[in-house]
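In: Using only what follows, build the 3D model:
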Amino acid sequence: MGGRVKRMAGLAEAAARTAQASDDPPCALCGRPLGHRVERHHVVPKSEGGTLTVPVHPICHRTIHAFVANRDLATSYTTMDQLRAREDIARYLRWIVDKPPDFRAPTRKRSAL
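Out: All right, here's what the predicted structure looks like:
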């Protein structure tokens, strides 16, 4: 496992430990405690036959769909661990780790090069 992936796993574990202090489950993507607004993310998109959902922050949910197409979620990123291992998602997780649960910011799709 690369150093970057290990650091991301450590950040997610630290955020998950903080979230465990409350009775609410943490965000399935970033591991931070959930805020007042919670969305449900289909790990495999509903349009691709998925039924399993996990709780996520709205900003985390928007980020997932800004970076990864539904077809790729259904074929290449069928677990949250696989999703967190993507470099663009890992960069987002490093940025969001110390933000409060109800933090909001604009989310834009990256332009193709």
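In: From here on, just use CA atoms for contacts and neighbour counts.
Out: Noted.
In: For this structure, which segments are assigned as helices?
Out: 3-20, 58-67, 70-75, 80-84, 87-96 (DSSP state H).
In: and the ones you listed, which one is worst for confidence?
Out: Among those, helix 3-20 carries the lowest mean pLDDT, a mean of 54.
In: tell me, what residue is most central in the protein?
Out: In the chain, the residue lying closest to the centroid (Cα atoms, centre = their mean) is L29, at 2.6 Å.
In: list the contacts for that one?
Out: By Cα atoms under 8 Å, 6 or more residues apart in numbering, the residues touching L29 are V56, C60, M80, R84.
In: again, only using 10 Å
Out: When contacts are counted by Cα atoms under 10 Å, 6 or more residues apart in numbering, L29 touches 12, 41, 54-57, 60-61, 63-64, 80-81, 83-84, 89, 93.
In: any idea which of those is closest to P101?
Out: Closest to P101 out of these is H57 (7.5 Å), distances taken as Cα to Cα.
In: any idea how far the closest residue to that closest one other than its chain neighbours lies from A69?
Out: Spatial nearest neighbour of H57, chain neighbours left out: V38 (5.4 Å); criterion: Cα to Cα, 6 or more residues apart in numbering. The gap separating V38 from A69 is 21 Å, by Cα to Cα, to the nearest Å.
In: returning to what we had before: retrieve the pLDDT associated with the residue nearest to the centre of the chain.
Out: Looking at L29, its pLDDT reads 98.
In: One more: D24?
Out: Looking at D24, its pLDDT reads 81.
In: same check, this time on P100
Out: So, for P100, pLDDT stands at 95.
In: That's all I had, so thanks and see you.
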